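[1] With the sequence up front, the predicted model follows.
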Amino acid sequence: MKILKLTKMNYIDWDSFVLDHPDATFFHTLKWMQILRKYEFEKPFYLLLYDQSDIIGVLPLYFVNVFPFGRGLTSLLDCNGLLMEDIKIYNKYFLLEMLRTLENIIKKYGLTFFKLRFQSPSPLNQFMPNYYVKHREYCTFLLDLSQGTEHIFKYKLHKKARNAIRKAIKLGVKIDKRCPKVETYWMLYRETITRSKGILDDNRIKLFRLIWSQLKHGEDFITLTATFENKPIGGIMAFLFKDKAYVWYNASLSRYLYLNPNEFLYWKLIEELADKGYRHLDFGPSLLNPAEGHYLFKSRFGGTVIPFNDYSYFTSKIRYFMIEGGALWLAKKLGVRKKIPQAILQKVSGRMIF
């Protein structure tokens, strides 16, 4: 087996492999990689796996910073990062070969760690070495749209979700299917992040603008905007790939939450995708915690919960302790990042994942 870094010379290999693989997502496509490259926030480091001249796998990785503990590589955080051919008994051999190569790569680059994410049903979970630190902190919900919207609404949606949707319709909330202005969705995003006491990075609007300018509305992504009295009060966006859709954005205005715009938007997205023939809707990553708000909200739409298994490799036990074993956990618990001035955060290069 050999591992090659993605270059323009092997773009065709990458695209054809991703297009044919049943577990591939929009986030595996070169379209997404090129957007992130132009965004200059997450730096792509894509690898192809070959057995002789045949491509047997792809692995999208990104350079990230864990300030102030060092840099690392992480795979896709929205889905299974590594895609491999269904080569059965050879899976373990090729996976272990790839891991050894990656371990040498991070030492060569002077990095601190790398992380891989697999969904819990992935057969690759059984082959991961014991010296990799395993965490199960996030999950997604996957809804089978082929059941039909009538069945989903009647038998899958929680009673609270059904009542919220009915109330929104009764009070006059409408849906606008046209592509909105970036500024409209950015305004909704800013308020939602502020309301949830998240960390607002004003540079992120550049990512929104790249998506709007580089991708095709209705083909690569879909948007629905909730309106009330002809004013936008909420929005939802999902990426599209083959027969699957992936929620990437949902935001709303605080003063209109009594109209249940978010429940209404998710339901209208389900209807729209089912009508267009899509078979699955992925609700996007959430904390694997039934008491957490996003988990509770998404669980009411009838999807199957799918945990993510995160595997981390560290170059030393000290670095493990500083990042995963205690210091980083404590920083998250105390909300350290929220206390750092935005001016300082924006000057730190790369993505900070605490």
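    Cool, the structure landed.
[2] Tell me where the model's unsure across the protein.
    Where the chain drops to pLDDT under 70, the residues are 40-42, 66-69, 87-90, 199, 316-354.
[3] Residue ranges of each domain in it, please.
    2-129+316-347, 140-306 (automatic domain parsing).
[4] Export these as TSV, with columns for mean neighbour count.
    Every residue, glycine included, has its C-beta placed from N, CA and C. Formatted as TSV, the domains of the chain follow (neighbours: other C-beta atoms under 10 Å):
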stretch	mean neighbour count
domain 2-129+316-347	16
domain 140-306	17
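[5] the helices in the stretch 101-250 of the chain, which residues?
    Listed in chain order, the helices of the stretch 101-250 of the chain (DSSP state H, counting those that start in this stretch) span 149-151, 159-170, 182-195, 205-214.
[6] which one of those helices lies closest to Leu102?
    Smallest distance to Leu102 across these (C-beta to C-beta): 26.9 Å, for helix 205-214.
[7] tell me the angle that closest one makes with helix 182-195.
    150 degrees (axes from the mean of the first three to the mean of the last three C-alpha atoms, to 10 degrees).
[8] Next one: the closest residue to Gly148 other than its chain neighbours from Ser312, what distance?
    Leaving out its chain neighbours, the residue that sits closest to Gly148 by C-beta to C-beta, 6 or more residues apart in numbering is Ala274, at 6.9 Å. Ala274 sits 38 Å away from Ser312, going by C-beta to C-beta, to the nearest Å.
[9] Next: Phe45.
    For Phe45, the distance to Ser312 equals 17 Å [C-beta to C-beta].
[10] Could you do Ala251 as well?
    From Ala251 across to Ser312, the span is 31 Å (C-beta to C-beta).
[11] Equivalent analysis for Arg279, please.
    From Arg279 to Ser312 the distance is 33 Å (C-beta to C-beta).
[12] Over to Tyr39?
    Distance of Tyr39 to Ser312, given as C-beta to C-beta: 25 Å.
[13] for Arg166, same thing?
    Taken as C-beta to C-beta, the span from Arg166 to Ser312 is 45 Å.
[14] Equivalent analysis for Leu281, please.
    Relative to Ser312, Leu281 is positioned 29 Å away (C-beta to C-beta).
[15] Next, the contact list for the spatially most central residue of the chain, please.
    Closest to where the C-alpha atoms of the chain average out (C-alpha atoms, centre = their mean) is Asp78, at 2.6 Å. Going by C-beta atoms under 8 Å, 6 or more residues apart in numbering, Asp78 touches 25, 27, 246, 284-285.
[16] rerun at 7 Å
    27, 246, 284-285 (C-beta atoms under 7 Å, 6 or more residues apart in numbering).
[17] Could you say which helix or strand holds it?
    For Asp78, there is no enclosing helix or strand under DSSP states H and E.
[18] How about the backbone phi and psi for it?
    Asp78 adopts backbone torsions of phi -100, psi -10, taken as degrees, to the nearest 10.
[19] Relative to Lys244, how far out is it?
    To Lys244, Asp78 is 12 Å away according to C-beta to C-beta.
[20] and what of Thr225?
    From Thr225 to Lys244 the distance is 22 Å (C-beta to C-beta).
[21] Also Lys5?
    Distance from Lys5 to Lys244, by C-beta to C-beta: 28 Å.
[22] How about Tyr155?
    Going from Tyr155 to Lys244 by C-beta to C-beta gives 22 Å.
[23] can you check Leu116 too?
    Distance, Leu116 to Lys244, using C-beta to C-beta: 21 Å.
[24] again with Thr192
    25 Å.
[25] same question, Tyr131
    34 Å.
[26] do Ile55 as well
    According to C-beta to C-beta, Ile55 and Lys244 sit 22 Å apart.
[27] now Phe141
    13 Å.
[28] And for Arg300?
    Here the criterion is C-beta to C-beta. By it, Arg300 lies 21 Å from Lys244.
[29] Show the contacting residues for Leu171.
    Leu259.
[30] Could you tell me how far it is located from Ile165?
    Taking C-beta to C-beta, one finds Leu171 at 11 Å from Ile165.
[31] which residues in the stretch 201-350 of the chain form strands?
    Using DSSP state E, counting those that start in this stretch, the strands found in the stretch 201-350 of the chain span residues 221-228, 231-241, 244-252, 280-282, 286-287, 304-314.
[32] partner strands of the second one, parallel or antiparallel?
    When sheet partners are counted by DSSP bridges, strand 231-241 sits next to strand 221-228 (antiparallel), strand 244-252 (antiparallel).
[33] can you list the residues that contact the longest one?
    What that stands for is strand 244-252. By C-beta under 7 Å, 6+ apart, strand 244-252 touches 25-26, 78, 185, 188-189, 192, 233-239, 261-262, 265, 273, 278-284.
[34] can you rerun that using 8 Å?
    Strand 244-252 is contacted by residues 25-27, 78-79, 185, 188-189, 191-192, 221-222, 226, 233-239, 261-262, 265-266, 269, 273, 278-284 when judged by C-beta under 8 Å, 6+ apart.
[35] Quickly note the distance from Thr225 to Leu188.
    Per C-beta to C-beta, Thr225 is found 9 Å from Leu188.
[36] got any residues that touch both of these two?
    With C-beta under 8 Å, 6+ apart, Thr225 and Leu188 have common neighbours 232, 234-235.
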